[in-house]
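Q: return atomic coordinates for the entry below.
(chains A, B and C)
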Amino acid sequence: MIGLLVAWFEENQRDLPWRRTYDPYHVWISEVMLQQTQVETVLPYYERFLKEFPSLEALAKADEHTVMGLWAGLGYYRRAKHLMAAAREMVEQHGGRVPSDYDSLIALPGVGQYMAGAVLSIAFNKPYPVVDGNVRRVLPRLFGWADENPKALWEAAERLAQSAEPRLVNQALMELGATVCSFRSPRCLVCPLQGECVAYKTGMQDSIPPVKKRPAAVHVRLCSIVQGTDGRYLMKCTDGLWEFPMFAELPAGSFNEVGSCRHTITHHRISVTVYEGSLAQQYGYTWKEFDTVPVSSLTRKIRNCARS
DNA sequence: AATGCGGGGGA
DNA sequence: TCCCCAGCATT
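A: Numbering: from 1, shown residues only, chains lettered A, B, ... in the order given. Okay, the predicted model is just below:
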């Protein structure tokens, strides 16, 4: 079974930039960017990031502004903070290298059980399991497990990783989930594990894993004040990202409505009405050149709807 | 065990 | 529109 899976992976894997090397630094950066983020989204960010910070030492010396600028738009900005802190920790406590033992890895900021297993298996070819969104779908289908059971899942993944090439087995499981054993409409007819798959034999592909119920989205209304002269805007920096003034209610001042936009963050649906004008108070905002500061996708949307 | 965290993609 | 995606930290 492992043989079929690995053979399929070696023949069918996508050509991805982080697969051109097993350099632990490259593996680590790619795994952080790929958290809850699809491969296609990550590609341009990964290339730009490694061009700017080709080594762990370079990243450890980087200033927050540059790192956030490269991360801007990718989301989950805490990842970038943890990345900087972890890089410095690796330089100070691990001789400037990504550690190759589980305890050191899991102690780093932003590294959990998945990441530790991914770095150990992919970079160092050690037999540690990975359980990501793909594996949580592939293995339950393969074994016909209709109920969620994280412990059984990690144990099964651990058994599979006990092979000659853990890095190939783990990547193959994830690649299969990403390209064949997809959440909706899995392509069982081209699956290398079709003959072994309990879900396929019993027609359970669509009921494994069970769909998770999520809380309904909360609607939020906000006003944003955009004052632009010569490309300069009133903004402030929060957690390394620059934002326009945002209010629940229109504050004192004189404004013209210039547009509106919508944005979804986790389960919040934000509707923003955008105004131009002048605030009666500055509320700690300062004049910044928009194109020189890191901004989230929401802030970029607001600027764009104000200009059109 | 549940929740917050961005943003984008597919059906 | 709903749900997911190479998760982690906090409560």
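Q: pretty sure A:Glu257 is in a strand, no?
A: Yes - counting by DSSP: H, G, I helix; E, B strand; the rest coil, A:Glu257 is located in a strand.
Q: so it makes contact with A:Leu250?
A: No - the pair A:Glu257 and A:Leu250 fails to qualify as a contact (C-beta atoms under 8 Å) at a distance of 9.6 Å. Any C-beta I mention is one placed from the backbone N, CA and C, and that applies to glycine too.
Q: anything in contact with each of these two?
A: In the contact map built from C-beta atoms under 8 Å, 6 or more residues apart in numbering, the residues linked to both A:Glu257 and A:Leu250 are A:Tyr275.
Q: which residues of chain A lie near DNA strand C?
A: Within reach of DNA strand C by C-beta under 7 Å from any atom of the strand, chain A has these residues: A:16, A:18-19, A:30-31, A:34-39, A:76, A:78, A:82, A:109-116, A:118, A:132-134, A:136-137, A:171, A:174-175, A:177-178, A:183, A:209, A:211-214, A:217.
Q: on the three-state scheme, the residue in the stretch 1-150 of chain A positioned nearest to DNA strand B is what?
A: Distances from the stretch 1-150 of chain A to DNA strand B, computed as C-beta to the nearest atom of the strand, single out A:Gly75 as the nearest residue at 2.7 Å. Using three-state DSSP, the structure places A:Gly75 in coil.
Q: return the residues in contact with it.
A: With contacts defined as C-beta under 8 Å, 6+ apart, A:Gly75 is in contact with A:37, A:296-297.
Q: how about A:Cys188?
A: Applying C-beta under 8 Å, 6+ apart, one finds that A:Cys188 lies in contact with A:194, A:197, A:200, A:205.
Q: could you rerun that using 10 Å?
A: The contact partners of A:Cys188, taken as C-beta atoms under 10 Å, 6 or more residues apart in numbering, are A:141, A:180-181, A:194, A:197, A:199-200, A:203, A:205.
Q: quick one, phi/psi of A:Arg20?
A: Per-residue torsions, A:Arg20: phi -80, psi -10 (degrees, to the nearest 10).
Q: need the pLDDT of the residue nearest to A:Ala58 when sequence neighbours are not counted.
A: Leaving aside its chain neighbours, A:Ala58 sits nearest to A:Glu52 (7.7 Å; criterion: C-beta to C-beta, 6 or more residues apart in numbering). A:Glu52 is assigned a pLDDT of 98 by the prediction.
Q: quick check: the gap between A:Glu52 and A:His65.
A: With distances taken as C-beta to C-beta, to the nearest Å, A:Glu52 is found 12 Å from A:His65.
Q: can you report how many residues neighbour A:Leu298?
A: Other residues near A:Leu298 number 21, with proximity taken as other C-beta atoms under 10 Å.
Q: which helix or which strand is home to the residue of the stretch 151-300 of chain A found nearest DNA strand C?
A: Closest approach between the stretch 151-300 of chain A and DNA strand C, counting by C-beta to the nearest atom of the strand: A:Met174, at 3.1 Å. When elements are defined using DSSP states H and E, A:Met174 is found to belong to helix A:166-179.
Q: for the contacts of A:Cys188, work out which two are farthest apart.
A: Using C-beta to C-beta, the pair of the contacts of A:Cys188 lying farthest apart is A:Val180 and A:Gly203, separated by 17.2 Å.
Q: between those two, which is the more surrounded one?
A: Neighbours of A:Val180 and A:Gly203, each counted by other C-beta under 10 Å, are more numerous for A:Val180; the result is 19 against 9.
Q: surely the more buried one and A:Val190 touch.
A: Yes - A:Val180 is within contact range of A:Val190, at 6.3 Å (criterion: C-beta atoms under 10 Å).
Q: between those two, what contacts are shared?
A: Contact criterion C-beta under 10 Å, 6+ apart; residues bridging A:Val180 and A:Val190 by contacting each: A:8, A:12.
Q: quickly list what A:Ser260 is bridged to.
A: A:Ser260 has these beta-bridge partners by DSSP bridges: A:Thr273.
Q: state the distance from it to DNA strand B.
A: When distances are taken as C-beta to the nearest atom of the strand, to the nearest Å, A:Ser260 and DNA strand B turn out to be 16 Å apart.
Q: what about that residue, neighbour count?
A: Neighbour count of A:Ser260, defined by other C-beta under 10 Å: 16.
Q: output the set of residues of the stretch 1-150 of chain A in proximity to DNA strand B.
A: Applying the criterion C-beta under 7 Å from any atom of the strand, the portion of the stretch 1-150 of chain A that neighbours DNA strand B consists of A:36-38, A:40-41, A:73-78, A:150.
Q: and what of the stretch 201-308 of chain A?
A: Counting by C-beta under 7 Å from any atom of the strand, the stretch 201-308 of chain A sits next to DNA strand B at A:215, A:263-268, A:296-298.
Q: among those residues, which one sits closest to A:Met90?
A: Proximity of those to A:Met90 was ranked by C-beta to C-beta; the top entry is A:Ser296 with 27.5 Å.
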